[in-house]
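>>> Make a model of this:
(chains A, B and C)
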Amino acid sequence: MANSKLDNQNSEVVIRGKFNVTIKPVRGRIYVIRDRCKGCGFCVTFCPKGVLELSEDFNSKGYHYPILKEEPPDKICINCGFCSLICPEFAIFNEED
Amino acid sequence: MNPGMHFLSGNIACAEGAIAVGCRFFAGYPITPSTEIAEHMAYRLPQVKGIYVQMEDELASMAAIIGASWGGMKAMTATSGPGFSLMQENIGLAVMTETPCVVVNVQRGAPSTGLPTLVGQGDVMQARWGSHGSYEIIALCPNSPQECFDLTVRAFNLSEKYRVPVILLMDECVGHMYERVFIPEEVEIVNRKKPLEDKRDYLPFLPKEDLVPEMALAGEGFRIHVTGLTHDERGYPATNPEAHEKLVRRLCEKIRVNKKKIVDYEGVLLDDSDVLIVAYGAPSRTSMRALREARKRGIRVGLFRLKTIWPFPEEELRKASSNVEHIVVPEINYGQLVLEVERVCKGGEVHLIPKMGGRVHSPREILEYLINLNR
Amino acid sequence: MMQAQEHPLEKYLRVDRLPHVWCPGCGIGTVLGSYVRAIDRLGLDLDKMAMVSGIGCAGRAAGYVNMDSFHTTHGRAIPFAVGLKLAKPELIVTVFSGDGDLFAIGGNHFIHAARRNCDLKVICVNNFNYGMTGGQLGPTTPLGAKTTTSPYGNLELPLNLPYFAASCGSSYVARWTSLHARNMIECFEEILEKKGFCFVEILSPCPTVYGRRNEMPEGLDMMKLFKERCEIRNFEDTSRVGLNQEKIIIGKFVDEEEKETFEDRVYSLMEEVKWGGSR
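Now for the predicted structure:
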């Protein structure tokens, strides 16, 4: 029977069993082109992990652009890329960390 | 068609002229009395590796020829009054995007459905002002099948040179008349200027010294953007008064400054006339007979026959009419060409001989009018 | 989180014209994003592509793609594209326009291009009204909806676009929404590779002029509605996908085998007819 343990969200998952397997979970890095954002909120609402929120700060057009939430290990970007796909403005994109 | 002498109708001669000068795309919609042009093109274009498409209406026809022109083919459509009205919006698009193309209008009795099978000349002003806004356009008017051939060739060459749609204003009488047409071995062919710059430096709407920009085509890697919105030299929308002023002025000036090279007319006995007939198309033919008969009776008549109606040959007509007492304008409408004649001619009384449509002025009618003038 | 100045897809866009004109919460940008991602995934040569658009918000897309693009008159994008494709058949020609432009004033042209099987990729962004001009009713406005020209509620019934396209002979018919960004990419990849007349309807929010008058003032409101009510039913009978139901049915409805296009027939005629000399 395999055992899996999350040492912590930021590093590897180790499964001990007949074969010892180490899986590194995919993590993403988010980039925002602030001045293109129009504050529509699509990325924030549709992120499956809910890692984004609109900032208090605003860009040169007066819109609040997205930033990463500062929250406990629960909210981690898994590099799914949906924020990038759903953004109508070409204002946000992701890269594997 | 083999070079040499042929017996053709005006419509067929027009189609053959187009093919001779390199037209390889025709998109049209059948409408009497221009349908023969479409039918002949449908038959001939595949023979010369050209394309005939019958579109679903005249609006589509005009749009398709603009698209084909941007794809690199010399393109033409043919219609009559009602279809010409439908094409106006896209004629405006062709003017604004400086797309070379030729629109043949074989005029018939109008307004509205009018007299589909009978002659008219009621689209003179529409050819000039039919689309919205300020612009200049070129309109040629043949009066014989030979001229239908020759002026269609000229129409394409002018449209390529000045990057403007050119209207070939025929009438049903000239379109359906059969006469000898001489087809030469070769005709002069003018092609649109191609960009010389590197792709990264090319600006699609930057005019050269003759006020005409070089034209890149779709699919050549220039990544052009073409829009009917007011645009700047990059072709991008620039919907502000300054850009609009600059663009519209240039679109008009490129024709105006080159007027002398564009206007064409035939003068008969101009130096020695008291009475001048100003006409184009079918009535100009019957006017010639009236002129000869009048001369026999001692009336000194001359004829100023327009071969280009737009731009209007103002200077040339002003000069020709400077010493005459009367100017007579026979036209098959209730007064369109006569308005330009009145505007331009300062000496001499201007008289309109109108016919509403359906029939050409007979030589006798014109002759009697000329005789009565002198009383 | 990093700040960036450049987006990875910029080679497909006229970057000097960004940010684009579309409103916050408008879905057209997402459609455009999926379109350029499809081109990217297929590795297509931008020099061999052209976009033709009409008048309206969706029509502005032609001004943002880095390929030969033509922003033509209202309703006439399709016949322009027909002419362009015939003159340069090696180009992949996409028509990118809106519901009013393609189906009201342009409806007739749609019928005949589909009927002929012209090799065009038609992407229709359906925002249920005429957005650019302030939110008037259009051929896809739902019955009862409030628009500036139906202040008491729309009295007309909307057109079922996939059904219409299929009956005109379109060989590929699909409907997605701005929310379904991934499905859009796959769909666009399919149509860019498929020969023949292809039609895709993309439902999109229009918060500023349509949504605001119909209790969906934010783009997110309609996007959430898509999330709740959409159901993917591929190959569903298009007569059953009208939008007057509880479920918004999306998916790929028609994907016929490739057949001869209009351009094929025109060009093979040229081959067959030999220069015949004088008539």
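>>> Dead centre of the chain: give me the residue that sits there.
Just going to use chain A. A:Cys77 (2.3 Å; CA atoms, centre = their mean).
>>> um, chain B though
Centroid-nearest residue in chain B, with CA atoms, centre = their mean: B:Ala139, separated by 2.5 Å.
>>> Sticking with the residue nearest to A:Cys43 when sequence neighbours are not counted, tell me its helix or strand.
In this structure, A:Cys43 finds its nearest non-sequential neighbour in A:Cys83, 3.7 Å apart by CB to CB, 6 or more residues apart in numbering or on different chains. The way it works is simple: take the backbone N, C-alpha and C, and place the C-beta from them, glycine included. Here A:Cys83, judged by DSSP states H and E, is contained in helix A:82-86.
>>> longest helix in chain B, by residue count?
Longest among the helix segments of chain B by residue count, using DSSP state H, is helix B:145-162.
>>> Quick one: check that one for contact with chain C.
No - Helix B:145-162 lies out of reach of chain C by CB under 8 Å from any CB of the partner chain, never closer than 14.4 Å.
>>> For the residue in the stretch 151-279 of chain C that chain A sits nearest to, give me its contacts.
Nearest to chain A, among the residues of the stretch 151-279 of chain C, is C:Ala181, at 3.8 Å (CB to the nearest CB). By CB atoms under 8 Å, 6 or more residues apart in numbering or on different chains, the residues touching C:Ala181 are A:Phe82, A:Leu85, A:Ile86, C:Thr30, C:Gly33, C:Ser34.
>>> how near is it to chain B?
Separation of C:Ala181 from chain B (CB to the nearest CB, to the nearest Å) stands at 25 Å.
>>> likewise C:Gln3?
For C:Gln3, the distance to chain B - CB to the nearest CB - is 27 Å.
>>> got it, and C:Gly106?
10 Å.
>>> Nearest residue to that residue in space, please, no chain neighbours.
Using CB to CB, 6+ apart, the nearest residue to C:Gly106 is C:Gly75, at 3.5 Å.
>>> ditto for C:Arg37
In space, C:Arg37 comes closest to C:Ile185 once its chain neighbours are excluded; the distance is 5.0 Å by CB to CB, 6+ apart.
>>> Over the host helix or strand of C:Leu102, what's the mean pLDDT, rounded is fine.
C:Leu102 belongs to helix C:99-103 when assigned by DSSP H and E. In this model, helix C:99-103 has a mean pLDDT of 97.
>>> Can you report how many residues lie near the residue lying closest to A:Phe90 once chain neighbours are set aside?
The shortest distance from A:Phe90 to any non-neighbouring residue, by CB to CB, 6+ apart, is to C:His7 (4.6 Å). Residues near C:His7, counting by other CB atoms under 10 Å in any protein chain shown, number 22.
>>> Go ahead and confirm C:His7 touches A:Phe93.
Yes - at 5.7 Å, C:His7 and A:Phe93 qualify as touching, with contact defined as CB atoms under 8 Å.
>>> what's near enough to touch the residue of the stretch 201-350 of chain B found nearest chain C?
Nearest residue of the stretch 201-350 of chain B to chain C, counting by CB to the nearest CB: B:Thr227, 3.7 Å away. Shown in contact with B:Thr227 (CB under 8 Å, 6+ apart): B:Thr97, B:Gly235, B:Tyr236, B:Pro237, C:Ala62, C:Gly63, C:Phe70, C:His71.
>>> Quick check: B:Val166 is in a strand.
Yes - under DSSP: H, G, I helix; E, B strand; the rest coil, B:Val166 falls within a strand.
>>> For it, grab the count of nearby residues.
For B:Val166, the neighbour count with other CB under 10 Å is 29.
>>> so it bridges to which residues?
Beta bridges link B:Val166 to B:Val102, B:Ile138, judged by DSSP bridges.
>>> Kindly report the same for the one 5 residues further on.
On the basis of DSSP bridges, B:Asp171 is bridged to B:Gln107.
>>> rewinding a little: export the longest helix of chain B as PDB, just CAs?
Extracted in PDB, the C-alpha atoms of helix B:145-162 (Å, rounded to 0.1, in the frame of the first residue of the first chain):
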ATOM      1  CA  PRO B 145     -18.100  49.500 -79.300                       C
ATOM      2  CA  GLN B 146     -14.600  50.400 -80.400                       C
ATOM      3  CA  GLU B 147     -14.500  52.900 -77.600                       C
ATOM      4  CA  CYS B 148     -16.000  50.400 -75.200                       C
ATOM      5  CA  PHE B 149     -12.900  48.300 -75.800                       C
ATOM      6  CA  ASP B 150     -10.400  51.200 -75.700                       C
ATOM      7  CA  LEU B 151     -11.900  53.000 -72.700                       C
ATOM      8  CA  THR B 152     -12.100  49.800 -70.700                       C
ATOM      9  CA  VAL B 153      -8.400  49.300 -71.200                       C
ATOM     10  CA  ARG B 154      -7.900  53.000 -70.200                       C
ATOM     11  CA  ALA B 155     -10.200  52.500 -67.200                       C
ATOM     12  CA  PHE B 156      -8.000  49.700 -65.800                       C
ATOM     13  CA  ASN B 157      -4.800  51.600 -66.400                       C
ATOM     14  CA  LEU B 158      -6.100  54.800 -64.700                       C
ATOM     15  CA  SER B 159      -7.400  52.800 -61.800                       C
ATOM     16  CA  GLU B 160      -4.000  51.100 -61.300                       C
ATOM     17  CA  LYS B 161      -2.100  54.300 -61.700                       C
ATOM     18  CA  TYR B 162      -4.200  56.400 -59.300                       C
END
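>>> I'm done for today, thanks for sticking with me.
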